[in-house]
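S.K.: quick check, what structure comes out for this input:
(chains A and B)
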Amino acid sequence: MSMRVTEGMAARTILSDLSNARTRLGTIQREISSTKRISKPSDDPFGTGRTLQLSGELEGFKQYKSNVDDGTGWVTATEASLGHITETLQRARELLVQGGNDSNGQVAREGIAAEIEALTEAVKQEANATYDGRFIFSGTETETRPYELGANDEYAGNEGTIKRVIGTGVEVPINVNIKELLGEGNAAGDNKLLDVLRDIATDLRGGSEENAENLRGTDLARLSDNLDELTRVRAVVGATTNRLSTAGTRLEELEEASLQQLSQVRDTDMPEAIVEYTTQQTAYETALRAAANIIQPSLLDFLS
Amino acid sequence: MPVSTFAGLQTSLRGLIAQQEALDTTSHNIANASTKGYSRQEVLMSASRALSIVTGSTDPGENHAQLGTGVDVDGITRARDRFLDLQYRAQAMRLGGLATRVQGLETIEGALSEPGETGISQELQTFWSDWEGLANDPEDSASRQAVIEAGKALATSLAELNSQLTNAAEVAEAQFQAIAGVGGEVEGIAKEIALLNGAIRSATTSGSEPNDLLDRRDLLLDELSELGQVSVTENENGTIEVGFGDAAAPLVEGTEVTWPQELVEPKGKLGALLELTDEGGTIESFRSEINAFAEKLADSVNAIHTEGGGPAFFSYEAGKGAATLQVAVSAKEVETAKDGSVGGNDIATKIGALRGGAVDRAYAAFVTRVGTETVEARNGETNAQALLNTVEERRESVSGVSLDEEMTNLTSFQRGYEASARAMSALDEALNVLINRTGRVGL
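M.R.: All right, here's what the predicted structure looks like:
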């Protein structure tokens, strides 16, 4: 026996088909107007998980970029200061060579010593450089001036390292341990810059033959050694600058890639969605037209 | 045996009555074409008992014949397939349960507002970023305050999510009570079934088939099956015994209703509500998942924050992490470095580096789980709806009123009625001749 088909069945089928078509149309409309393929977890649970992960990554890249910017500022300030110290030391070296020359009298040496002392102050002044209100050479005691000007050569900072995170698990130290370069003067006798500069001044003022020998011999050698060390540290700082700048570029790329992936997972593919929308709309209109045609005729229309 | 002069009139009369009843039934069908739960009715007709007459045959074995006396109405039945009813109720139960589950899960899903700018995941990212910001600027008190505020925002959102879950459970519980409690939907339906049982019993005992009452009772059983599992046993007197869910005693037995009773796994809508709210149910498992997340967050941050001997950053009550999470330090107490130095940032850096780690993953897994469970329930709902539609269609095919069919019947019964009346007139005319004209030759 074939299946009886009643008006109620036809009406129910039409209603359920129309409602399905309307739901599909509504879904695609929402995707287009919100520009998001996923507006709630159940739209695509795993896509949602991925979206959260990618959004987190993206926030991370933004933060790393800001870390890189901050680190770059810090390292640039460090480079400038170390540059100034180098210049100062080169001047000190010239003066030392000049002072070691026997043709200079003691008066001239006294003058050179005064200048050396001024340069020593200048070096300490440079070591007190700040970036964004913080002393960059105090280790992690960034609110403490590393060196007091004057005769006291004691280092007041610590040897802590300041790092910037420039990628997941990638840390770059950005501060220079200035104590390793400048040392703590004659009191420590550590052969570092301040010690050497103080010795040079002492030898210039000393006036004895031994002093003159020192000026030409050990003082010059020690100053040169320290200059070499300074150059090495500057090279490290330069490398850090390069590393930060490379990281900045790489982070831009990563952010772009991440954004693209996020968009692929989360955003509506507009051309596809619009084609789909048109298809669904046509389907809906067709269903409506069909419904209008199906519902109308009945035997009643033909019985007199 | 001779036949009464008026036997033909009786035959026509029976025809008239039968056709009229058929017409009435057709009208009844048409009137109820859109009535929910209505089954189309049919008048059962059969030829009435024949009269035995003597024929002119000389063969003694063949000198009798049966003279038809017209039509009898045997009864009026409804077109109904009980097996389709059983299938319908099984699917209605499934659909009722899944639709309720979808509703509950969608509420929870909405409370997450993920993925988006306002969800917990965004706040978590802000929290990590603020720690990294603090690592860049550990001397700055505004950066410390930012970390505190981000922590508080996270704690508030978690508490809010937790209370939304509590709220969802309460709503589901209230719904359960409204349905299964005293004076609830189940009891209402049960009482009406009991009343109908009484009326049906009286009608059945007097020999008639109370089609409309049966339809009404079947409709109530359909409605009841959305709420929970229904089992029906029919008795000879027309009454039914209705078992509901896993209740110990029958819900309806004759005209007696036993309600409320304890339900453990009633299935249907009530089953879904219990599954959401029960101990170890969906909502509770969600809640313990966000508690675990809150505690993992607090523990991970605290473990690093206390490395330098400082205080814990977050405090919480074990087992109630989401509701009780709080920032336990002031801006001054925020630790940035193990050695306590003002410019050190190892602690802040390490906390910031928690981004993308186990804490983030735990939350993403939770959101994914809510999404997956919603999708599964929704797919189940769509599937149950489709199956229900199929059964409904088949049931409608058997029981539904087709207007075309009714119009055809109407025409044929109308013609039948007219023809019976014509037959009666013909007999009347014949009798007129017999009674008024016979023996009046030449008058």
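S.K.: now the stretch 1-150 of chain B against chain A: closest residue?
M.R.: Taking Cβ to the nearest Cβ as the measure, the point where the stretch 1-150 of chain B comes nearest chain A is B:Gln125, at 4.0 Å. Yep, even glycine has a C-beta here, placed from its N, CA and C like the rest.
S.K.: in contact with that residue, which residues?
M.R.: Applying Cβ atoms under 8 Å, 6 or more residues apart in numbering or on different chains, one finds that B:Gln125 lies in contact with A:55-56, A:59-60, B:355.
S.K.: now, among the residues you listed, which is nearest to B:Ser206?
M.R.: Using Cβ to Cβ, A:Ser55 is the member of these that sits closest to B:Ser206, with 74.0 Å.
S.K.: quick one, what contacts the residue nearest to B:Gln66 when sequence neighbours are not counted?
M.R.: With Cβ to Cβ, 6 or more residues apart in numbering or on different chains as the criterion, B:Gln66 has its nearest non-adjacent residue at 3.7 Å, and that residue is B:Ala50. Taking Cβ under 8 Å, 6+ apart as the criterion, B:Ala50 is in contact with B:66-69.
S.K.: quick check, pLDDT for whichever residue of the stretch 151-300 of chain A sits closest to chain B.
M.R.: Nearest to chain B, among the residues of the stretch 151-300 of chain A, is A:Leu299, at 4.3 Å (Cβ to the nearest Cβ). In this prediction, A:Leu299 carries a pLDDT score of 77.
S.K.: that one and B:Leu297, how far apart?
M.R.: Distance, A:Leu299 to B:Leu297, by Cβ to Cβ, to the nearest Å: 71 Å.
S.K.: give me the below-cutoff pLDDT ranges for the chain.
M.R.: All of this is about chain A. A:1-2, A:295-297, A:304 (pLDDT under 70).
S.K.: actually, chain B is the one I wanted.
M.R.: The low-confidence ranges in chain B, as defined by pLDDT under 70, are B:1, B:442-443.
S.K.: ranges for the helices of it?
M.R.: Taking DSSP state H, the helices of chain B run over residues B:7-31, B:82-112, B:120-136, B:141-180, B:185-205, B:211-227, B:268-277, B:282-305, B:321-324, B:346-352, B:358-399, B:403-432.
S.K.: for A:Ser16, find the nearest of those.
M.R.: Distances from A:Ser16 to each of those were compared using Cβ to Cβ; the minimum, 6.1 Å, belongs to helix B:358-399.
S.K.: could you say what helices and strands the closest one packs with?
M.R.: Using 3 or more Cβ pairs under 8 Å, 6 or more residues apart in numbering or on different chains; DSSP states H and E as the contact definition, the elements that helix B:358-399 packs against are helix A:7-34, helix A:45-100, helix B:82-112, helix B:120-136, helix B:282-305.
S.K.: could you check the angle it makes with helix A:7-34?
M.R.: Angle between the axes of helix B:358-399 and helix A:7-34 is 160 degrees (criterion: axes from the mean of the first three to the mean of the last three Cα atoms, to 10 degrees).
S.K.: so how far is helix B:358-399 from its chain's centroid?
M.R.: Distance, stretch centre to chain centre, for helix B:358-399: 14 Å (Cα atoms, centre = their mean, to the nearest Å).
S.K.: kindly report the same for stretch A:258-269.
M.R.: Taking Cα atoms, centre = their mean, the mean C-alpha location of stretch A:258-269 is offset from the chain mean by 24 Å.
S.K.: output that stretch as PDB, nothing but the C-alphas.
M.R.: The C-alpha trace of stretch A:258-269 is given here as PDB (Å, rounded to 0.1, in the frame of the first residue of the first chain):
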ATOM      1  CA  SER A 258      50.000  34.100  13.600                       C
ATOM      2  CA  LEU A 259      47.400  36.700  12.600                       C
ATOM      3  CA  GLN A 260      46.900  35.000   9.300                       C
ATOM      4  CA  GLN A 261      46.400  31.600  10.900                       C
ATOM      5  CA  LEU A 262      44.000  33.100  13.500                       C
ATOM      6  CA  SER A 263      42.100  34.700  10.700                       C
ATOM      7  CA  GLN A 264      42.000  31.400   8.800                       C
ATOM      8  CA  VAL A 265      40.600  29.600  11.800                       C
ATOM      9  CA  ARG A 266      38.300  32.300  13.200                       C
ATOM     10  CA  ASP A 267      37.200  34.600  10.400                       C
ATOM     11  CA  THR A 268      34.600  34.200   7.800                       C
ATOM     12  CA  ASP A 269      35.900  33.400   4.300                       C
END
